[in-house]
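> Pasting the sequence and the predicted coordinates here, then a few questions.
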Amino acid sequence: MNPNFSIVIPAHNEAENLKILLPNLIKSLGPLGPMWEIVMIDNASTDDTIKVITSFSEYGRAIKIVQEPTLGYGRAVLKGLQESSGNIVGIIRADNQEKPEDLVSMFRLFVQNKWDFGKAIRKSRKDDGLKRMLISLFFNTSFRILFGLKVKDINATPKIFTRKLMNELKLESKDWFIDAEIVIKAVRAEAKIGEVEIEYLPRLKGKSSVRFRHIIQFIKNMLIWRLLK
């Protein structure tokens with residue numbers, strides 16, 4: 001039988017974070033019963049990411065290991081979605097900035113309220129730093145203006161959607177814009193959307209892979225989607 005819930009986790013050089021995330025996530029998913037799977041995508045990692053993932057092989061088919069050799073967050077997400085099999089599919093990041101128990105709480109609300117698409121809203125944190133807070137404010141304000149969106153915190157994960165909606169969205173972004181694409185297309189599809197406020201934690205290990213070039217690419221994509229799509 002297919003699982004009810006597939007959790008897609010893209011990971012690029014997140015070995016140390018996965019040592020913490022995977023046990024906590026498996027523990028949090030326990031009360032849901034056996035009908036879940038974790039789809040781990042090793043995205044061109046050069047550290048021990050794949051070694052850490054395979055160390056959880058005792059969980060058998062509950063953890064599916066997928067490799068995406070071409071670096072790109074969107075590429076990894078697309079590959080994970082393609083390999084998932086659950087009726088409901090979620091995306092969470094590997095950096096431990098979102099708590100697994102919040103993902104499970106979102107899943108319960110998703111089912112209870114019969115949403116098509118559920119997404120997190122991150123509580124603001126003082127230790128985000130002024131620069132990061134201003135960038136986030138710029139992106140979210142720009143989206144609300146350009147696309148007429150009422151949805152908050154565009155890039156936040158976890159994100160959860162039905163397989164039916166996932167197939168309808170026909171996602172294509174191979175970079176960081178995929179989070180925005182999901183929201184834009186879900187709104188255009190008139191999906192029933194729910195938002196849940198979650199605690200957003202400091203990254204435990206490693207450094208963010210987001211660079212200035214990604215911000216420029218994000219702005220470029222935003223204009224392309226507004227003017228041409």
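Thanks, I have the structure now.
> for the protein, what spans make up the strands?
5-11, 36-43, 63-68, 88-91, 117-122, 159-162, 193-198 (DSSP state E).
> Please name whichever of the ones you listed is nearest to Lys27.
strand 36-43 (12.2 Å; CB to CB). To be clear about C-beta, it is placed using only N, CA and C from the backbone, and glycine gets the same treatment.
> Does Pro69 touch Ile41 like I think?
No. In this structure, Pro69 is not within contact of Ile41 by CB atoms under 8 Å, at 10.7 Å.
> Would you map the helices across this structure?
For the chain, applying DSSP state H gives helices covering 15-29, 49-54, 73-83, 100-113, 130-147, 163-169, 178-188, 212-228.
> now the angle between strand 5-11 and the third one, please.
If I follow you right, that is helix 73-83. 150 degrees (axes from the mean of the first three to the mean of the last three CA atoms, to 10 degrees).
> Just the residues contacting helix 73-83, thanks.
Contacts to helix 73-83, defined as CB atoms under 8 Å, 6 or more residues apart in numbering, come from residues 8-12, 39, 41, 43, 64, 66, 68, 89, 91, 166, 171-178, 209.
> What pLDDT is listed against Val151?
pLDDT, Val151: 85.
> do the one 4 residues further on as well
Each residue has a pLDDT score; the one for Asn155 is 88.
> next one: Leu223
74.
> Any of the contacts of helix 73-83 buried? List them.
8-12, 39, 41, 43, 64, 66, 68, 89, 91, 166, 171, 173-178 (16 or more other CB atoms under 10 Å).
> Stretch 94-112: which residues count as buried?
94-100, 102-104, 106-107, 110.
> list the contacts for Glu168?
Contacts of Glu168 by CB under 8 Å, 6+ apart are Ala189.
> So Leu169 sits against Ala189, correct?
Yes. Contact status for Leu169 versus Ala189: in contact at 6.9 Å, counting by CB under 8 Å.
> what about those two, which has more around it?
Leu169 (19 against 13; other CB atoms under 10 Å).
> What is the neighbour count of the nearest residue to Asp102 once chain neighbours are set aside?
In this structure, Asp102 finds its nearest non-sequential neighbour in Ile198, 4.3 Å apart by CB to CB, 6 or more residues apart in numbering. Applying other CB under 10 Å, we find 23 residues neighbouring Ile198.
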